[in-house]
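Engineer: Just need the structure, nothing else, for what follows:
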Amino acid sequence: MTVADITLRRATPADALAVAALFTHARDVCMPYLPKLHTPAEDRVWMRHVVFTQHDVWVAVLGGRPAGFVAVKDDVLQHLYVHPDFHRRGVGAALLGKAQALCPIGFRLWVFQQNAQARRFYESHGLRLVRLTDGAGNEERTPDAEYAWRPV
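Structural biologist: Purely as a prediction, here's the structure:
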């Protein structure tokens, strides 16, 4: 499969369960340092009733299954997750490109400081580090980093 095989489409309510499962799995596999604050069932409810109702959500499909998703609200990229099976295949870049199209004057996002892979990804795509915090402002109480993207 190649980048050309990635399909981006607006998420529908029927996607909520698959996107929630992708979110939970990606965090479990790629961010084992995070505290487990919610059950997968709670993630499903939150995804369906909060993320899918309050954000502009897009799904990347590769090989007939959801490979990642992006959720944007106002000028904040709230979530960009790629299923670990689809890392390094262009899914994240496609989703980031969608966020840039949705927010042409720019956006900001938060990433956990320990998430070195995500930080390298964002920096390689032109986002700049704005500030580091001790995590007091996030639910996980885990040090994070704010990034921003502004078009040239």
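
Engineer: residues near the residue nearest to Cys103 when sequence neighbours are not counted, how many?
Structural biologist: Nearest residue to Cys103, sequence neighbours excluded (CB to CB, 6 or more residues apart in numbering): Asp75, at 5.8 Å. Heads up, the C-betas are built off the backbone N, CA and C, glycines and all. Asp75 has 14 neighbours, counted by other CB atoms under 10 Å.

Engineer: any idea which helix is longest in the chain?
Structural biologist: helix 16-30 (DSSP state H).

Engineer: What is the neighbour count of Cys125?
Structural biologist: Quick fix: residue 125 reads His, not Cys. 14.

Engineer: contacting residues for it?
Structural biologist: For His125, the contacting residues are Ala93, Leu96, Trp149, by CB atoms under 8 Å, 6 or more residues apart in numbering.

Engineer: I'd like those written out as JSON lines, with pLDDT, distance to Arg65 and neighbour count added.
Structural biologist: Converted to JSON lines, the contacts of His125 look like this (pLDDT from 0 to 100; distance: CB to CB, whole Å; neighbours: other CB atoms under 10 Å):
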{"residue": "Ala93", "pLDDT": "97", "distance to Arg65": "19", "neighbour count": "17"}
{"residue": "Leu96", "pLDDT": "98", "distance to Arg65": "20", "neighbour count": "20"}
{"residue": "Trp149", "pLDDT": "98", "distance to Arg65": "28", "neighbour count": "19"}
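
Engineer: Good, wrapping up.
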